[in-house]
Every structure is written in structure tokens, then in C-alpha cells.
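Novice: One predicted model, sequence on top.
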Amino acid sequence: MSLGKELKINRLLQQWPTNAVYLTSWLAEKGYSDQLLHRYKKSNWITSVGIGAIIKSGDKATLEGAVFALQQQAGKDVHPGGKTALGLLGKAHYLEFSSSIYTLFGAKKEKLPGWFSKYDWKIKVNYFPTSFLPEELGLVEQEMGGFSIKISGTARALMECMYMAPKNQDLLECYELMEGLNNLRPKVVQQLLENCTSVKVKRLFLYMATKTGHSWNAYLDVSKIDLGSGKRQLAEDGVYVPQYKITVPKILENDELKTPGKPVVKCAAGGCKRKVLCLARRDRHQFVCAQHAPFVRGY
């Protein structure tokens, strides 16, 4: 190999973030031809993860590394959302997360490329192409160690959970998530709700925000939020909430969430008046709500 080509591969490998996927089409624009990449592959410097996508040999292709390629190189609006985003943000550590599902959202009619869909990520990927929220609104930049990707911020991620409910996301868990998010920024929430096109999401979000009694809810201007017309049924044989014209599970509206054989009690955290809907054991007789569970030693 000539000195020039050796310097070229060295420069590429040095600038390549660990576990990040690179697209061959993007590299071609940088002067790396298919023939040159083929030589790199034969020399075991790079490894294919599908047609048109590669990683450094020795690296592990990660979903975050793949999203990096989709966002930074392919110009797609695909991003981690829902509970996946909340997990990356460290906002829902007190809930039992399903480690077998990774949730992505993208723009309406935006498809995932073949290399992404066919690769074995060792985890189920749920993808929702939708325009119920503007593409860039409510996203945040998240460092992933060597590179960064855009993911849903806390408020947007919560609305994405509600968008998936009740078919692909449990409504009761949506409430437990809402219960633990007592520091949302009203300005961000207001902007998201005003631009949201899903009547279901807006009504459900406001219903749960009101029910939890978070202080930020008082700063929302509901008069500027279009809540649509007609009723929405989100649960069979549920309870109708006239204020928001939605039917929700009885267990949610009547505060009946509890573990088998245990009564509904008040949160044991000092000064908290919430009933314990998401029971988190503190000792044999005391329980704390989802909001205070992260602060209990040993939980």
C-alpha cells in the first residue's frame, strides 16, 4: 500500500468514533471509493453490517451508532423516543423497563434503510414514522461517548409514550412516568401541546398532568391548545372523564393501582400527599410513590 493510501486509512480510523456506523455513500463523498473500501475490508480494517454500512473491525454495531449514521450522514429524522429516550436520559430508572424493545420515531413516510432493518440488533426495534409532532421540536442532543445523537427530550418522550398507548404502551405505565416527572419546563410542554396534532395525546397528557398535581401544570395555557371534538375511548369498560372527553381504565381513574394483597396507602415520604399507585417497597409496612422512589436508599 502506498504511503498516501496508508495515511488515508489511518486518518479515517483515528477520526471514527467507537461503535459508530459509517455509510459507504457518505464516505464516497469524502473521497473513499467502493474499490478503496473493498481493500480496507480485505485487510480487515472495516466490517460490513449490511449493504452500504460498515463499522471499524473490532467495534460493536450499536443502535445509537446506527442512529448516528442515519442522522448525521443520511439526513434522516429518525431518533430514539418514548421509554427508550427516557432511559437514555436517566429519567425513568424507578420503572421496570423492558430491555428487549428499542423504540424509534421518524418523520411520516420515512423508511428505515435495508441494512438497518435486516441487521440483527439482538433486541426488538419498534419504529413509528409519524408527524404528530414537528420533527425537531422537543429533541435534545445526547452524548454517547465519542459521538452525539438527537433523542426526544423528557416531555416529548412522554407524549410519544402516550401516542403509542394503549396498543403499544401501557396506559398505567404512562401515568407512572408522568407521576415521576415533577420538573418539566412549562414553556416546552406548552409548545409541544400547541403543535401536537394528536387529540388523544393532548387530552391524555393534560388529564394525567392534572391528576398528578405537578406544579408546572398550573402554568399551562389550555385555551391555546386545540383539544378537538368528540370522545376518545382508551379502555374497554373504563371510566369516562368528561373534562377531557376520554375513557380511561377504572384502575387509573379510581386510584386502584396496587400490588396483590396490599392496600392503597399514602406515600411514606415526608410531606407527600400522593396515594401510592406505583408501589415501591421501602420496608415491610411503608411504600413510596414513583416520584420519591429514586431517593429511597436501597431501592
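Specialist: Everything's here; your move.
Novice: residue ranges of the helices in this protein, please?
Specialist: For the chain, applying DSSP state H gives helices covering 3-15, 24-29, 34-42, 63-72, 82-89, 114-118, 154-164, 171-180, 186-195, 199-212, 250-253.
Novice: Tell me which of the ones you listed sits most buried.
Specialist: With neighbours defined as mean count of other Cβ atoms under 10 Å, those peak in mean count at helix 154-164, which reaches a mean of 25. For glycine as for every other residue, the C-beta is placed from the backbone atoms N, C-alpha and C.
Novice: okay, the angle between it and helix 186-195?
Specialist: With axes from the mean of the first three to the mean of the last three Cα atoms, to 10 degrees defining the directions, helix 154-164 sits at 30 degrees from helix 186-195.
Novice: who's in contact with helix 154-164?
Specialist: Helix 154-164 is contacted by residues 81-83, 85-86, 89, 91, 103, 105, 128, 130, 132-133, 137-139, 151-152, 169, 173-174, 177-178, 181, 184-185, 188-189, 192, 196, 198, 200-201, 204-205 when judged by Cβ atoms under 8 Å, 6 or more residues apart in numbering.
Novice: Report the rounded mean pLDDT for it.
Specialist: Helix 154-164 shows a mean pLDDT of 98.
Novice: same thing with stretch 249-265?
Specialist: This predicted structure assigns stretch 249-265 an average pLDDT of 63.
Novice: Renumber starting at 40 from here on
Specialist: I'll keep to 40 as the first residue from here, and by that count the last item is stretch 288-304.
Novice: ok, the closest residue to T101 other than its chain neighbours - contacts?
Specialist: Setting aside the residues directly before and after it, T101 is nearest to N58 in space (Cβ to Cβ, 6 or more residues apart in numbering), at 4.7 Å. By Cβ under 8 Å, 6+ apart, the contact list for N58 reads 94, 98-101, 103-104, 185.
Novice: And for G145?
Specialist: So G145 contacts 115-118, 151, 166-169 (Cβ under 8 Å, 6+ apart).
Novice: From T249, how far out is it?
Specialist: Between G145 and T249 the computed distance is 31 Å (Cβ to Cβ, to the nearest Å).
Novice: so where's the stretch 40-189 of the chain shaky on pLDDT?
Specialist: Low-confidence segments of the stretch 40-189 of the chain (pLDDT under 70): 40-44, 131-138.
Novice: switch the cut-off to 80
Specialist: Residue ranges of the stretch 40-189 of the chain with pLDDT under 80: 40-45, 131-139.
Novice: For S191, give me its contacts.
Specialist: Neighbours of S191 in contact, by Cβ under 8 Å, 6+ apart: 118-121, 124, 144, 177-179, 199.
Novice: between those residues, which is nearest Q272?
Specialist: Distance to Q272 across those (Cβ to Cβ) is lowest for E199, with 20.8 Å.
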